[in-house]
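> sequence and predicted structure, then a few things I'm wondering about:
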Amino acid sequence: MILSKMLKQCKKNKHIQIFTYGDYDYLSDGSVAGVIDADVDDWTAEDCAAAIGISDDERDKYIFPPAEFSNVTDFEDAVPLENAIELPSGTVIQPFMLVDRRIFFVKSELLNIFDEFRDKRYFFGSDTLFIMRDVFTVGFINPMRVNLNNLSAYAADLLTGLNASEEAAFFDAGGQMEIKEPSAAESEDEA
């Protein structure tokens, strides 16, 4: 159930906010929001605070005013890349690629909130990742800011090492991969 996972996130991040998108209410911890799928109508931020054991006198520190997320009509497909990346801090980030090949990252732990949904699709709009099942938005995640210079250097080192490993057949499991310099791969895509 998304609500129970979102309640844990809200407690961890000390942020409880209800916002509306379309005809549905979503619970947010400030970086991720999931649809309130409870059987209780009109679930409030106070209900959330009570559910995670926040005392009455502490609730003001957790609860943020409700908000309305404006309807987004300009979506782009966002495709999760196959492999996640673990940062030195231990945080695992999942890269997503847009149609124009731009990449953004979200914390993998936030994606796990929506594991119960099969056949979900991802879209990007208003600087937000939309997690959808059919035409229903089940949640939102704000992409994280990363140091692109560090990731570019890592990717360049990885490509250099993979090319050297391919030449030497070093730990090659049968040539399943073809490694190309980015400029060569782009020119083939254009052809």
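On my side now, so go ahead. Owing to the predicted nature of the structure, the values given are computational and were not obtained by experimental measurement. Residues are numbered from 1 along each chain as shown.
> what sits up against stretch 26-36?
With contacts defined as CB atoms under 8 Å, 6 or more residues apart in numbering, stretch 26-36 is touched by 2-3, 5-7, 9-10, 12-13, 15-20, 24-25, 43, 48, 64, 69, 107, 110, 113-114, 137-142, 144. To be clear about C-beta, it is placed using only N, CA and C from the backbone, and glycine gets the same treatment.
> tell me which element the closest residue to residue 52 other than its chain neighbours falls in.
Using CB to CB, 6 or more residues apart in numbering and skipping the chain neighbours, the partner closest in space to residue 52 is residue 11 (4.4 Å). Applying DSSP states H and E as the criterion places residue 11 in helix 2-13.
> tell me how far residue 64 lies from residue 48.
Relative to residue 48, residue 64 is positioned 11 Å away (CB to CB, to the nearest Å).
> quick one: which of these two has more around it?
residue 48 (24 against 14; other CB atoms under 10 Å).
> for the closest residue to the more buried one other than its chain neighbours, give me its contacts.
The shortest distance from residue 48 to any non-neighbouring residue, by CB to CB, 6+ apart, is to residue 16 (4.9 Å). Residue 16 makes contacts with 10, 27-29, 45, 48-49, 62-64, as judged by CB under 8 Å, 6+ apart.
> how about the chain, which residue sits the furthest from its center?
In the chain, the greatest distance from the average C-alpha position (CA atoms, centre = their mean) is reached by residue 168, at 37.2 Å.
> still on that earlier bit, highest neighbour count among the contacts of residue 16?
Neighbour-wise, those (other CB under 10 Å) top out at residue 27, 27 neighbours.
> residue ranges in this protein under the pLDDT threshold?
Where the chain drops to pLDDT under 70, the residues are 40, 174-191.
> now the strands for it?
Assigned by DSSP state E, the chain shows strands spanning 17-21, 24-28, 32-35, 67-68, 76-80, 85-86, 92-98, 103-107, 120-125, 128-133, 136-141.
> of all these, which one is nearest residue 158?
Among these, strand 85-86 comes nearest to residue 158, with 10.4 Å by CB to CB.
> off-centre distance for the closest one?
A distance of 14 Å separates the centroid of the chain from that of strand 85-86, by CA atoms, centre = their mean, to the nearest Å.
> repeat that for stretch 160-174.
32 Å.
> go on, stretch 94-101?
Using CA atoms, centre = their mean, the mean C-alpha position of stretch 94-101 is found 12 Å from that of the whole chain.
> cool, stretch 125-133 as well?
The mean C-alpha position of stretch 125-133 is separated from the chain mean by 9 Å, CA atoms, centre = their mean.
> repeat for stretch 102-117
3 Å.
> same check on stretch 118-138?
10 Å.
> what's the helix holding residue 11 packed up against?
strand 24-28, strand 32-35, helix 45-51 (3 or more CB pairs under 8 Å, 6 or more residues apart in numbering; DSSP states H and E).
> switch to 10 Å and redo it
If contacts are counted by 3 or more CB pairs under 10 Å, 6 or more residues apart in numbering; DSSP states H and E, helix 2-13 sits against strand 24-28, strand 32-35, helix 45-51, helix 59-62, helix 108-111, strand 136-141.
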